[in-house]
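Engineer: Provide a 3D model corresponding to the input given below.
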Amino acid sequence: MVDIIEQKSFDLMTEEKVLVLTNNLNNSIVNNINQLLNGVIKANQLEEIVTIYTLGKLPADKIVVINHKTLLSRDKCKDLFKKIAEIKSDSCVLLDTFESENQDQLYYDLTETILSKNYTFQLFKSKKDHKDRNFFFYGTSDSYSVIKKAYICAKAQNIAKDLTNTPYNYLNAEKLANEVLKLKQYPQIKVQLFGKSEIEEMNMGLFLGVNKGSLDEPKLIYITYQGKDNFDNPTALIGKGVMYDTGGYSLKTPVSMPGMKVDMAGAASVIAAIEAIAQLELKVNVMGIVAATDNRIGQHAIVPDDILTSAKGLTVEIISTDAEGRLTLADAIWFAQQKNAKEIIDIATLTGAIVSALGDEFTGAFTNSKPFLKEFMDASVIADECIWEMPISSGYHKELKSDFADLKNKGGKNAGASIAAAFLEEFVEKDTSWIHLDIAATSVSNNNASGVMVKSFVEFFYQRSK
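Structural biologist: As a prediction, this is how the structure comes out:
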């Protein structure tokens with residue numbers, strides 16, 4: 001494990017850890033080190049990053065020096081911070097040497113990069129291949145609040161990665177619900193879990209339809225975080241919680257099925273973000289909703305041509321059992337509105353079409369409220385997560401008309417991401433502001449869960465809490 005620890009005191013002549021600093025010679029510590037090492041820092045002023053061995057002139061074996069001029073470019077800094085994160089032994093980061101006009105952003109990015117870059121998932125490995133080490137932050141800076149925020153966000157993002165990377169045989173709907181119960185340790189959080197009989201009482205026919213092929217019961221997970229005196233005007237975060245997706249009888253291919261444990265990445269991001277919001281004690285009201293189930297072939301599983309009735313009362317003709325995420329989300333959106341949410345953000349690994357449209361760099365965003373989406377996208381820029389707005393039109397809604405029911409759960413072969421979003425919009429009331437985030441591409445990076453949108457969720461509510 002890699003961690004970040006605040007270091008209360010510092011003595012250059014006794015500090016044995018690797019030192020990390022900039023070449024800002026106006027800083028007294030940097031200038032002192034430069035003199036002790038016979039001007040070697042000044043001699044390397046043009047290098048973006050350089051490792052200097054002290055050759056016994058200091059207790060620390062080596063120092064890693066960042067070019068102070070690169071601090072003006074966020075992109076360059078993040079690349080250099082990745083190299084800092086790769087240091088293989090305990091290190092002392094001299095924060096005050098990173099002094100810059102965008103200092104808070106630097107501290108945030110440095111903290112977040114160290115924790116995210118060093119994330120590994122080795123729960124099921126008999127031999128661990130990463131050495132535990134710590135990064136000690138020392139400085140007189142007043143920016144430790146920024147570092148704390150970055151630390152909490154990065155830790156939350158790693159929690160989301162852990163949940164998403166855990167395979168189905170270790171994390172089904174019931175086990176996810178039990179994980180969520182741990183959030184009750186925070187006094188502002190309440191958790192309610194609804195089992196199959198209670199979901200049936202709420203007439204969630206779409207959610208239950210997806211679950212019909214499973215041996216495991218579904219769980220509707222309802223989390224509330226109250227950061228204000230009264231729980232009014234809550235914003236709902238709804239995460240797709242399909243714990244494993246075989247495609248049902250519209251079966252996925254042997255090539256596309258491996259990796260489908262990530263189909264609950266949206267749920268993981270919602271759960272992790274709410275924990276971070278609680279740790280930061282933000283003055284906002286948030287609810288988190290997850291309709292958790294797997295999608296399997298089974299004796300009672302739904303098949304194409306079946307017609308299901310949603311909690312809202314709309315009937316849905318099943319065209320593809322592999323278009324299941326939108327079914328669970330539709331009933332979850334209804335539930336959020338029953339709980340008086342007037343703002344909803346849903347997040348889901350929903351369509352392969354968004355991958356074709358945007359690749360793996362951007363999350364696709366759909367909305368019925370431009371101001372609401374702008375506010376969220378502004379937060380995502382600060383969080384450094386890329387979002388691209390995608391269209392919904394009446395034409396996409398027409399694609400969903402059915403000859404036998406109110407709606408079909410799938411349209412034609414084109415514009416699949418927009419049509420899926422249009423399906424969800426059918427369940428959004430006119431007075432509800434709504435954003436749909438399709439993370440089918442961005443939920444994974446290098447075959448590993450990314451924890452995407454955790455930072456954006458936290459930043460969004462952080463800005464509102466000011």
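Engineer: How about the contacts made by K161?
Structural biologist: Counting by CB atoms under 8 Å, 6 or more residues apart in numbering, K161 makes contact with Y119, F121, A268, N448, A449, S450, G451. All C-beta spots, glycine's among them, are computed from the backbone N, C-alpha and C.
Engineer: which ones are touching the fourth one?
Structural biologist: For N448, the contacting residues are Y119, F121, K161, N165, taking CB under 8 Å, 6+ apart as the criterion.
Engineer: so where's this structure uncertain?
Structural biologist: Counting by pLDDT under 70, the chain contains no low-confidence range.
Engineer: just to revisit the earlier point, which of the contacts of K161 lies closest to P187?
Structural biologist: A268 (23.4 Å; CB to CB).
Engineer: so when I look at that closest one, I'm seeing a helix, right?
Structural biologist: Yes: judged by DSSP: H, G, I helix; E, B strand; the rest coil, A268 forms part of a helix.
Engineer: I'd assumed N158 was in contact with it.
Structural biologist: No: at 10.7 Å, A268 does not count as touching N158 under the criterion of CB atoms under 8 Å.
Engineer: Could you tell me which residues touch both of these two?
Structural biologist: The contact sets of A268 and N158 overlap at G451 (CB under 8 Å, 6+ apart).
Engineer: Neighbour count for those two, which is higher?
Structural biologist: Neighbours were tallied for A268 and for N158 using other CB atoms under 10 Å; the higher tally belongs to A268 (32 against 20).
Engineer: Spatially nearest residue to S465, not counting backbone neighbours?
Structural biologist: Nearest in space to S465, with sequence neighbours left out and distances taken as CB to CB, 6 or more residues apart in numbering, is L282 at 4.0 Å.
Engineer: Now for that neighbour: which residues touch it?
Structural biologist: Contacts of L282 by CB under 8 Å, 6+ apart are G227, F461, Y462, R464, S465.
Engineer: Domain-wise, how is the chain divided?
Structural biologist: With domains defined by automatic domain parsing, the chain comprises 2-138, 155-465.
Engineer: and among these, the most buried is which?
Structural biologist: Neighbour counts (mean count of other CB atoms under 10 Å) averaged over each of these peak at domain 155-465, with a mean of 20.
Engineer: For stretch 434-453, C-alpha coordinates in PDB please.
Structural biologist: Provided in PDB are the C-alpha atoms of stretch 434-453 (Å, rounded to 0.1, in the frame of the first residue of the first chain):
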ATOM      1  CA  TRP A 434     -31.600  15.300 -15.200                       C
ATOM      2  CA  ILE A 435     -28.100  14.300 -16.400                       C
ATOM      3  CA  HIS A 436     -27.200  10.800 -17.800                       C
ATOM      4  CA  LEU A 437     -23.500   9.900 -17.900                       C
ATOM      5  CA  ASP A 438     -22.600   7.000 -20.100                       C
ATOM      6  CA  ILE A 439     -19.200   5.600 -18.800                       C
ATOM      7  CA  ALA A 440     -19.100   2.400 -20.900                       C
ATOM      8  CA  ALA A 441     -15.600   3.500 -22.200                       C
ATOM      9  CA  THR A 442     -14.200   5.500 -19.400                       C
ATOM     10  CA  SER A 443     -15.000   3.100 -16.600                       C
ATOM     11  CA  VAL A 444     -11.900   1.000 -17.500                       C
ATOM     12  CA  SER A 445      -8.300   2.100 -18.100                       C
ATOM     13  CA  ASN A 446      -5.700  -0.500 -19.100                       C
ATOM     14  CA  ASN A 447      -8.000  -3.400 -18.200                       C
ATOM     15  CA  ASN A 448      -8.400  -1.900 -14.700                       C
ATOM     16  CA  ALA A 449     -11.400  -0.100 -13.200                       C
ATOM     17  CA  SER A 450     -10.900   3.700 -13.300                       C
ATOM     18  CA  GLY A 451     -13.300   5.000 -10.600                       C
ATOM     19  CA  VAL A 452     -14.400   7.600 -13.200                       C
ATOM     20  CA  MET A 453     -16.600  10.500 -12.100                       C
END
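Engineer: follow-up on the earlier one: among the contacts of K161, pick out the one closest to S73, please.
Structural biologist: Nearest to S73 among those, with distances taken as CB to CB, is S450, at 23.6 Å.
Engineer: The closest one touches C386, doesn't it?
Structural biologist: No: the pair S450 and C386 fails to qualify as a contact (CB under 8 Å) at a distance of 11.6 Å.
Engineer: Isn't K252 up against M260?
Structural biologist: Yes: shown here, K252 and M260 form a contact pair, counting by CB under 8 Å, at 7.0 Å.
Engineer: Residues that sit against both of the two, list them.
Structural biologist: With CB under 8 Å, 6+ apart as the test, K252 and M260 both reach D245, T246.
Engineer: Skipping adjacent residues, who's closest to L327 in space?
Structural biologist: L206 (3.9 Å).
Engineer: That neighbour: helix or strand, and which one exactly?
Structural biologist: helix 205-211 (DSSP states H and E).
Engineer: helices or strands up against that helix?
Structural biologist: If contacts are counted by 3 or more CB pairs under 8 Å, 6 or more residues apart in numbering; DSSP states H and E, helix 205-211 sits against helix 196-201, strand 285-295, strand 307-309, helix 325-338.
Engineer: Next secondary structure after the third one?
Structural biologist: Downstream of strand 307-309, the next assigned helix or strand under DSSP H and E is strand 315-317.
Engineer: Return the distance of that next one from the chain's centre.
Structural biologist: 32 Å (CA atoms, centre = their mean, to the nearest Å).
Engineer: Done for today, thanks.
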